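Q: this one's sequence-less:
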């Protein structure tokens, strides 16, 4: 049984089909990179898996339909790091990270010494422990992104959904975060992450799923998926792809693919004079 399975998964928002009869399966212990052009349905897929959107078709986690999971039970097993997450209220950094422990607590029970220790350890892993008592509203976008990742780490979920986890981060912290997540995967967690940086996705993901116009158009090992033909057809870029001796995929972008010519039925007609 796959950890995650989708069959004919369809999601419509405001009358527009975002995911269109999508089929996919994710096994436990993998790092799956979701890539595709803007508007291809990547974030929508994460939100559906996280139980945040209605859908048609079949979508299961650990063999149970996502819509049948109780939110609190799902939160014990799944953590979702949203892109550019924002705050509605002020928290200290440590209190914000402690919220990751909430799904594991009985109602009205306070945080224990163990909860605080796990929150502190999570902050240390993202190099934010010195900010523990700062107001979260005083942080930069990159600092806040690292705090939300610490919250996901403190949650100790089996499945992490990461929507562009390196948003706002400088290059040092991009790789620092990627190696932290990689350690989690190697210890048995499962990660599904949305990427815009294709080389970063290829470097860390065990497999890539390419979405285009709400459908899966390719899936498999990064070196097999990221072909020059796919970059031209899906991402509309002429590029040279090389796979180095260490297995890393390198992409040298050349120029955009010329716009597709309009079909005869859509070519504007000159007015009859």
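A: Nice, thanks for sending it over. Everything numeric in this text was worked out from a predicted model, so none of it was measured. Numbers count the residues shown, from 1 in each chain.
Q: helix/strand/coil for the closest residue in space to residue 157 that isn't next to it in sequence?
A: Of all residues not flanking residue 157 in the chain, residue 79 sits nearest, at 3.9 Å (C-beta to C-beta, 6 or more residues apart in numbering). Just so you know, the C-beta spots here come from the backbone N, C-alpha and C atoms, and that holds for glycine as well. State at residue 79, reduced to three classes by DSSP: H, G, I helix; E, B strand; the rest coil: strand.
Q: what is the burial count for residue 79?
A: 25 (other C-beta atoms under 10 Å).
Q: likewise residue 107?
A: Neighbourhood size, residue 107 [other C-beta under 10 Å]: 5.
Q: returning to that earlier point: from residue 114, how far off is the residue nearest to residue 157?
A: Residue 79 is 18 Å from residue 114, where distance means C-beta to C-beta, to the nearest Å.
Q: what do you get for residue 141?
A: Residue 141 is 31 Å from residue 114, by C-beta to C-beta.
Q: now do residue 25
A: Counting by C-beta to C-beta, the gap from residue 25 to residue 114 is 36 Å.
Q: who's more crowded, the two?
A: Per other C-beta under 10 Å, whichever of residue 25 and residue 114 has more neighbours is residue 25, with 13 against 9.
Q: run through the bridge partners of that one.
A: Going by DSSP bridges, residue 25 is paired in beta bridges with residue 5.
Q: isn't it up against residue 2?
A: Yes - if you go by C-beta atoms under 8 Å, residue 25 and residue 2 touch, sitting 4.2 Å apart.
Q: in stretch 107-119, what counts as buried?
A: By 16 or more other C-beta atoms under 10 Å, the buried positions in stretch 107-119 come out as 111, 115, 116, 118, 119.
Q: let's have the residues you listed in CSV, adding pLDDT, secondary structure and distance to residue 33.
A: Shown next, in CSV, are those (pLDDT from 0 to 100; DSSP: H, G, I helix; E, B strand; the rest coil; distance: C-beta to C-beta, whole Å):
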residue, pLDDT, secondary structure, distance to residue 33
111, 92, coil, 34
115, 96, helix, 32
116, 96, helix, 34
118, 96, helix, 28
119, 97, helix, 28
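Q: can you pick out the most distant pair from those?
A: Within the buried residues of stretch 107-119, 111 and 118 form the most distant pair, 9.6 Å apart (C-beta to C-beta).
Q: dump the buried residues of stretch 107-119 into TSV; add distance to residue 7 as well.
A: Converted to TSV, those look like this (distance: C-beta to C-beta, whole Å):
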residue	distance to residue 7
111	40
115	38
116	43
118	37
119	38
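Q: what are the boundaries of the strands in this protein?
A: 4-13, 16-26, 31-35, 56-61, 64-65, 78-81, 159-163, 190-194, 207-212, 215-220, 237-243, 249-256 (DSSP state E).
Q: which strands border the shortest one, and is each parallel or antiparallel?
A: Which is strand 64-65. According to DSSP bridges, strand 64-65 forms sheet pairs with strand 56-61 (antiparallel).
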